[in-house]
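Trainee: sequence and predicted structure, then a few things I'm wondering about:
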Amino acid sequence: MEYLTNFQDSGYTIDVLHLFRGVKHDVVRKALATCPVMHIAAGKTVSEVLRRGGNLYILLRGELGVLADQHAEPDEGSGFNVLPGECFGEMSVFDEQVGSPLITAKKDSDVLVIDAARLWQIIEEINGVARNLLHLLSFRIQAANARLRQRRKVGRFYQQMSMLDGLTGLYNRAWLNENLPLLIGNAGAAVRPLSVVMIDLDHFKQFNDQNGHLAGDSALKTAALVFCEALRPTDFAVRYGGEEFTVILPGTDQKTGMMVANRLCSRMREAIVFDDMRVPLPHVTGSFGVAALRSGQDADALMGSADEALYRAKQAGRNCVSA
């Protein structure tokens, strides 16, 4: 910052300063008379190291970008723009901490600097300043809370997106790894059954080679649609990886799980991958392995049992269900 003059000789008037709206200007003008006015050239970035007690800054002209904590990233919510008449730095006065705000002039800017002792004197002696400060702090808190809510909302969105398979829209392996242990724990606590179905699309590599990868993608999406349409809202369909899928059936024993798997197998067999009927039906089939949760089993053991059942379905000729 470059010192220009004091406020008394600067030519600026009190009526443009938001902090002093509704208060007696002559009293404020006297209190601010010797406060320095500093200049920051457009494009200039300065780190104003505050002494203990802090300073309040009021922008007289121009536009500033302020990062309250220069060690924070701007997207962490500590950065904001300041327009003429607005102030910043009040928290360094209130909590008496030594701070180092990073100030960038977006335009040629003049800044009024009020030290902590002078500000406290103004608050004590001039009615209305404390009220205006409270309004300012209330607005800042509301804005900060809004930014926090938005970041949490965005964080939840990206967390949710990271748990979904981009092609099929089903849950992905990461979701399964995180949630299957929880579902097993819930089943154990409630003494309720739980079954898992492992599915592998039959001869999928051959299907890809014959029809192309876009057709393979269509087959995967068709399989996902079969699961979504045939399962209950309380069931979960997961793309395990490649052409493998997992279906979790809470509250379902092995007998019922076999019935569900057979229904899925039948619908898969009848599903249409190509609307233009370029290849004869059936387009794609699947092998299904069913396992019910046994006492003491964890997620790995349950998935292992379902995988063994899937292997038996493949050995039996594929396009069938095994337990």
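Mentor: Perfect, I can see it now.

Trainee: low-confidence bits of the stretch 1-150 of the chain, can you list those?
Mentor: 48-53, 68-78, 96-101 (pLDDT under 70).

Trainee: can you do 90?
Mentor: Along the stretch 1-150 of the chain, segments meeting pLDDT under 90 span 1-2, 15-16, 21-27, 45-56, 65-81, 87-104, 116-117, 124-127, 130, 133-150.

Trainee: just the helices from it, written as ranges.
Mentor: For the stretch 1-150 of the chain, applying DSSP state H, counting those that start in this stretch gives helices covering 25-32, 90-94, 116-125, 129-162.

Trainee: let's have those in TSV, adding mean neighbour count and distance to residue 317.
Mentor: C-betas here are computed from N, CA, C, even on glycine. Shown next, in TSV, are the helices of the stretch 1-150 of the chain (neighbours: other Cβ atoms under 10 Å; distance: least, Cβ to Cβ, whole Å):
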stretch	mean neighbour count	distance to residue 317
helix 25-32	16	91
helix 90-94	19	73
helix 116-125	15	84
helix 129-162	12	38
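
Trainee: ok, which of the ones you listed comes nearest residue 303?
Mentor: Among the helices of the stretch 1-150 of the chain, the nearest to residue 303 by Cβ to Cβ is helix 129-162 (20.9 Å).

Trainee: closest one to residue 40 among the helices of the stretch 1-150 of the chain?
Mentor: Nearest of these (Cβ to Cβ): helix 90-94, 17.9 Å.

Trainee: I'd like to know how far the residue nearest the centre of the chain sits from residue 271.
Mentor: Centroid check for the chain by Cα atoms, centre = their mean gives residue 155 as the closest residue, at 1.2 Å. According to Cβ to Cβ, to the nearest Å, residue 155 and residue 271 sit 37 Å apart.

Trainee: got it, and residue 139?
Mentor: Per Cβ to Cβ, residue 139 is found 57 Å from residue 271.

Trainee: which residues does residue 292 contact?
Mentor: 193, 194, 195, 252, 253, 254, 257 (Cβ atoms under 8 Å, 6 or more residues apart in numbering).

Trainee: only the buried subset of those, as a ChimeraX command please.
Mentor: To isolate the buried members of these in ChimeraX, using 16 or more other Cβ atoms under 10 Å:
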select :193,194,195,252,254,257
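
Trainee: inside helices: which ones of the contacts of residue 292?
Mentor: Within these, residues falling in helices by DSSP state H are 254, 257.

Trainee: now do the buried residues in stretch 169-185.
Mentor: So for stretch 169-185, counting by 16+ other Cβ under 10 Å, buried means 170, 171, 172, 175, 176, 179, 180, 183, 184.

Trainee: mind pulling up the phi and psi values for residue 193?
Mentor: phi -70, psi 160 (degrees, to the nearest 10).

Trainee: who's in contact with it?
Mentor: Residues near residue 193 by Cβ under 8 Å, 6+ apart: 187, 251, 252, 253, 254, 292, 293.

Trainee: would you list these in a markdown table and tack on distance to residue 11 and pLDDT?
Mentor: Output for the contacts of residue 193, formatted as a markdown table (distance: Cβ to Cβ, whole Å; pLDDT from 0 to 100):
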| residue | distance to residue 11 | pLDDT |
| --- | --- | --- |
| 187 | 76 | 95 |
| 251 | 78 | 96 |
| 252 | 80 | 96 |
| 253 | 85 | 96 |
| 254 | 87 | 95 |
| 292 | 84 | 97 |
| 293 | 80 | 96 |
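
Trainee: one step back: for the residue nearest to the centre of the chain, give its distance to residue 201.
Mentor: Counting by Cβ to Cβ - residue 155 and residue 201 are separated by 34 Å.

Trainee: could you do residue 145 as well?
Mentor: From residue 145 to residue 201 the distance is 49 Å (Cβ to Cβ).

Trainee: now swap in residue 88 and tell me
Mentor: Taking Cβ to Cβ, one finds residue 88 at 60 Å from residue 201.

Trainee: show me how far stretch 293-308 is from its chain's centre.
Mentor: 33 Å (Cα atoms, centre = their mean, to the nearest Å).

Trainee: what comes up buried for that stretch?
Mentor: So, applying 16+ other Cβ under 10 Å, buried residues of stretch 293-308: 293, 297, 299, 302, 303, 305, 306, 307.

Trainee: excluding chain neighbours, what is closest to the fifth one?
Mentor: In this structure, residue 303 finds its nearest non-sequential neighbour in residue 196, 6.6 Å apart by Cβ to Cβ, 6 or more residues apart in numbering.

Trainee: list of residues touching stretch 231-248?
Mentor: 165, 167-168, 170-173, 175-176, 179-180, 183, 194-201, 204, 220, 223-224, 227-228, 249-251, 260-261, 264, 286, 303, 306.
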